[in-house]
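Need coordinates for the below:
(2 chains)
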Amino acid sequence: MSSHISASANSPSHERLPHVTELSPEYSQVQPSDFPAIQDYGIIGDCRAAALVSKQGSIDWLCWPRFDKPAIFAALLDRQRGGNWQISAVLSGKVDRYYVPETNVLQTQFSTKTGIAILTDLMSGAGQLPHQLIMTPDHEIIRYVECTKGKIEIEITFFPRADYGARAVQIHEVGKLGLRMAVGKGVYWLRSSVPLKIKDGRAFARVMIHSRETIQFSLSYSEEAPAVLPAIDKSILDRVQGSIGRWQAWAKRADYDGSNRGEVIRSALALKLLSYAPSGAIIAAPTTSLPERIGADLNWDYRFCWLRDASLTIRALLELGYWYEATDFLDWMLHATRLTQPELRILYSLYGDRAPHEKTLDHLSGYKNSRPVRIGNAARDQYQLDVYGEVIDAAAQYAFHGGNLDREMQKVLIGFGNYVVQHWDSPDEGIWEPRTGRENHTHSRLLCWTALDRLITLHQKGKLQRAPVEIYKKNAEAICQQIKSRGWNEKLQSYVSVLDGDKLDSSLLLMSWYGFEKANSPRMQGTYRAIRQRLGTKDGLLYRYEVYPREGTFAICSFWETEFLAIGGGTLAEAQAMFDRLVRFRNDLGLYGEEIDPDTGAALGNFPQAFTHVGLIGAALSIRQREKGEQQLAHRSKDAEKRRPHSEANISGHIS
Amino acid sequence: MNWESWLFSGFLATLAVSTILSGSQGLGLTRMNIPYMIGTTVTSDREKAKAYGFILHVLNGWVFSIIYVLIFEDRHYANWWFGLLLGLAHALFVLTVGMSLIPGMHPRMASEQHGPNAVRQLEPPGFMALNYGYQTPLSVILSHAAFGAILGSLYHLK
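As a prediction, the model looks like this:
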């Protein structure tokens, strides 16, 4: 559906003010039973923070000033105490949603029997130019409602709650400046083009708007005084249009010409929203404790950066031509993790600190009673050897695409390589982070082999000096032999999850992606058949491993399967068919969660999930490469270096 | 007037004010960033505003210390507690009169009467600068008391 941002608010004829009606009841209150489905959420953001907007026009999740700070709206996790900001039609009717094409500007269209209104939601800060004349707030959400047909009554309920819903927020009316709320170290300002009543910690109104009339809202946050208070006049439309223009310019840069461009661009935009521009980190998801199993305790905080996602993420960014983002992410990985080098933790905060200790928020009901709600992440103390391979492979891809590894970076990579040489034969927690102790995971061995293999290749290409290559070669060969002997189960005719074991997990499909064994080899074909048989569902989805009771199917595993087929494990038609099937499981906005309920197709887990979108981009890229007859493993392609732009300064549409 | 002593004590006292106010912001006592507030009178660029504002604030403090020094000379009396008393009076003046005048003088500051527009977008301080945090008066009083005390103790009467 096409976007609708009318300039009617600017026109001279636009003088009639919306009619504010008396409320009865005075305000609506979200009910405990009202939890929307996880896939009913859309996301807006500014590469620093994100908000989740429900189909009912309610912002149910917002953490300012950055992803991992306490939420001011947390109705996502508790309908009564969490707090939210809803703007919706009073009369029930049809709701359609869409992003303005190739942007992260969300539009929700309410169609009732009396009229139609479009709610436009965005965070305005993305891409702000440093020297512009008009000042802009540190953080701002713009909500802009326009009646496009007939008349329609709109209800606004603004209900902030401090510290994940733990405390009430005092709302102060400050003349024509708007509503002011001091919370912790910062201040929120709500500016509105219609008067709002205040009662019980809520601001609310009902407004009848007629065709071509608009109402506007701006919520801003600042930790520095004096805060910038945006004007609620025609300039708000300029900010909306400016944001649309910047996102579209950014999306236009994507170097992908395949038939899945729409899906790829949406995933790239989602990934961009989950990046933290000041440091270059990319978080796994903007939410905490959306459950992997409804009503159960598999609820984790994903507002951190996992190194295990590094390699696939860098590949997606480089292949799409997003050099700024790839460079920022690599810089973040190699420099922000400096305090723990040569050891690597599995996850870091946005600035490379250790993720905070895990604790529970017992005052929150949890999404559909899925308790406890957790903040922080206990996986911070886990030990995963695969991260070394992920980080080194990411750096190698960067170098193979033409990026320069300076002397300091080379030293860091050699430090990682030496660590791998000393520790590759140790048990670890593994990629899926089960809290059941350490084992000898085949996937971790694979990534240790990848780490050494890439360092050897970098040295051979003259991009890594003074590396102990002979030691790397000897250890890489030893790992290879171990995987081929103890990681292979003759009875199952498959590689297995744990050395000498008989369990499977979907990460084994990555053995071909990392170049360990060709996808069409008898062993990988056997492994694929076994995985499909034991971890597959009739809808073509995959569980990540064997666990009972079953959780949801893991979305990225299905994209790994698609990519496995595309790089030689199957035919091009099979890969495209698998891709098309997976696309059906995205929500109406093109977003994916971490998992997919195999029975209903509903999203499960934190939402939206960067890793899944990285998987989609990777699968689409591999399919396109197969279509073109290009070498399948992009990180080993001799052609990759040609992709780097001659001058990054010439790239337009940079958002930070 | 002892010019050399004024230059030295005035400079140190101004640095102390800047340090205390900046520390108060870092500790969460106030959101007020004085260099940013002053700097935005000449530029809308945030980073430049902070740099310009810091220089202007130091110069302003230095000039302002002349008034203290003139009072010391007039009374033939200068010690830390007399300076501290003058600092407290100065702080009260800034919080009550100064803060109420700022919205009218600052080219980018909005007011409660007219609201923000395309040019005047900055949040006004409100009574005693309470809009910038309810402990803002405390940090202003502390910093100005320190300003006066340092001047009073370091300035040598002619």
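
can you map out the helices along chain B?
Along chain B, the stretches classed as helices by DSSP state H are B:3-26, B:34-39, B:46-75, B:80-93, B:99-105, B:136-154.

need the contact list for residue 56.
Reading this off chain A. A:Q56 makes contact with A:P36, A:Q86, A:S88, A:V95 under the criterion C-beta atoms under 8 Å, 6 or more residues apart in numbering or on different chains. (Each C-beta comes from the backbone N, C-alpha and C, glycine too.)

nope, chain B
Contacts here follow C-beta under 8 Å, 6+ apart; on that basis B:L56 touches B:P35, B:I38, B:G39, B:V42.

Quick check, pLDDT for it.
Looking at B:L56, its pLDDT stands at 93.

Could you check how far it is from chain A?
16 Å (C-beta to the nearest C-beta, to the nearest Å).

Apart from its neighbours in sequence, what residue is nearest A:A326?
A:L317 (3.9 Å; C-beta to C-beta, 6 or more residues apart in numbering or on different chains).

that older thread, any chance of the helices of chain B in JSON lines, with distance to A:P427 too?
Converted to JSON lines, the helices of chain B look like this (distance: least, C-beta to C-beta, whole Å):
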{"stretch": "helix B:3-26", "distance to A:P427": "44"}
{"stretch": "helix B:34-39", "distance to A:P427": "53"}
{"stretch": "helix B:46-75", "distance to A:P427": "49"}
{"stretch": "helix B:80-93", "distance to A:P427": "64"}
{"stretch": "helix B:99-105", "distance to A:P427": "64"}
{"stretch": "helix B:136-154", "distance to A:P427": "54"}
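
Quick one: closest of those to A:T442.
A:T442 lies closest, by C-beta to C-beta, to one member of those: helix B:3-26, at 49.0 Å.

Ranking by neighbours, what's the top pick from the contacts of B:L56?
Neighbour counts for these (other C-beta atoms under 10 Å in any protein chain shown) peak at B:G39, which has 24 neighbours.

So what touches stretch A:84-92?
A:28, A:30, A:56-60, A:62, A:73, A:75, A:110, A:112-114, A:117, A:119, A:143, A:145, A:152-160, A:206, A:217, A:219.

what comes up buried for it?
Judged by neighbour count (16 or more other C-beta atoms under 10 Å in any protein chain shown), stretch A:84-92 contains these buried residues: A:N84, A:W85, A:Q86, A:I87, A:S88, A:A89, A:V90.

Just list the residues touching the closest residue to the first one other than its chain neighbours, thanks.
Looking back up the chat, that one is A:N84. In space, and not counting its chain neighbours, A:N84 is closest to A:A75: 3.8 Å by C-beta to C-beta, 6+ apart. Going by C-beta under 8 Å, 6+ apart, A:A75 touches A:V30, A:S58, A:D60, A:W61, A:G82, A:G83, A:N84.

now A:F554
Counting by C-beta under 8 Å, 6+ apart, A:F554 touches A:S506, A:L542, A:Y543, A:R544, A:E594, A:E595.

next one: phi and psi at the residue nearest to the second one when sequence neighbours are not counted?
With C-beta to C-beta, 6+ apart as the measure, A:C557 is the residue that lies nearest to A:L542, at 4.1 Å, once sequence neighbours are left out. Backbone dihedrals for A:C557, given as degrees, to the nearest 10, come out at phi -60, psi -40.

Tell me, how many residues neighbour A:C557?
For A:C557, the count of nearby residues is 25 (other C-beta under 10 Å).

gap between it and chain B?
A:C557 sits 45 Å away from chain B when distances are taken as C-beta to the nearest C-beta.

Could I get the pLDDT score of that residue?
The model reports A:C557 with a pLDDT of 96.

pretty sure it is touching A:T537, no?
No. Judged on C-beta atoms under 8 Å, A:C557 makes no contact with A:T537 at a distance of 11.0 Å.

any shared contact partners between the two?
Both A:C557 and A:T537 are contacted by A:Y543, under the criterion C-beta under 8 Å, 6+ apart.

contacting residues for the spatially closest residue to B:F82 that is not a sequence neighbour?
Leaving aside its chain neighbours, B:F82 sits nearest to B:G152 (5.2 Å; criterion: C-beta to C-beta, 6+ apart). Shown in contact with B:G152 (C-beta under 8 Å, 6+ apart): B:Y68, B:F72, B:A78, B:N79, B:W80, B:W81, B:F82, B:G83, B:L84, B:L86.

Let me have the residues you listed in a markdown table, adding distance to A:L447, pLDDT and neighbour count as columns.
Formatted as a markdown table, these follow (distance: C-beta to C-beta, whole Å; pLDDT from 0 to 100; neighbours: other C-beta atoms under 10 Å in any protein chain shown):
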| residue | distance to A:L447 | pLDDT | neighbour count |
| --- | --- | --- | --- |
| B:Y68 | 67 | 94 | 24 |
| B:F72 | 72 | 95 | 26 |
| B:A78 | 71 | 91 | 22 |
| B:N79 | 70 | 93 | 12 |
| B:W80 | 65 | 94 | 16 |
| B:W81 | 68 | 94 | 11 |
| B:F82 | 71 | 95 | 19 |
| B:G83 | 66 | 96 | 28 |
| B:L84 | 64 | 96 | 20 |
| B:L86 | 68 | 96 | 22 |
